[in-house]
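In: My questions are about this predicted structure, shown below with the sequence.
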Amino acid sequence: MAPFSLVDHSDTGHITLVSLLLVDQTVTIPSTRNVGCQQRDSVLAVLHELWSDSSGSAIKRIPRELFDVVIKEALDHTISAEAATEIRDQMRHEREEFVKAQNGHEGYFGTDFDMP
């Protein structure tokens with residue numbers, strides 16, 4: 001921002017700054033809208049519901065062997081609830097250690113909290 005001053009230096013004044021954060025609409029931001037569920041049990045439930053659906057869905061037209069391959073590929077990109085809990089606990093521990101290191105035990109970085 002360029003330097004500025006009032007035209008009448010004897011007068012009091014104020015300034016209001018407006019900050020706009022622009023978003024590139026051509027870039028997809030990962031969110032629950034476009035990232036599928038990653039929990040193994042949920043993915044399995046949806047796939048088995050599709051296979052057992054009696055409405056004659058298109059998924060029933062593929063051979064069971066191919067459907068099993070789809071399930072295997074889908075499960076390669078999921079995690080179990082136990083693994084998710086372990087990752088959450090590991091991240092919580094890493095954050096606690098980071099805060100301790102940054103604080104120098106003086107409380108400058110953040111306050112303690114617990115997220116169950």
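Out: Received, thanks.

In: for stretch 67-80, which positions count as buried?
Out: The neighbour-count check on stretch 67-80 (16 or more other CB atoms under 10 Å) flags Phe67, Thr78 as buried. For glycine as for every other residue, the C-beta is placed from the backbone atoms N, C-alpha and C.

In: Quick check: which element contains the most centrally placed residue in the chain?
Out: Closest to where the C-alpha atoms of the chain average out (CA atoms, centre = their mean) is Ser31, at 6.1 Å. Under the criterion DSSP states H and E, no helix or strand holds Ser31.

In: next one: Ser5
Out: Under DSSP H and E, no helix or strand contains Ser5.

In: tell me, how many neighbours does it end up with?
Out: Ser5 has 7 neighbouring residues, counting by other CB atoms under 10 Å.

In: Same question for Arg40.
Out: 18.

In: and the helix ranked longest in the chain, which residues are buried?
Out: Across the chain, the longest stretch assigned as helix under DSSP state H is helix 81-103. By neighbour count on 16+ other CB under 10 Å, the buried set for helix 81-103 is Val99.
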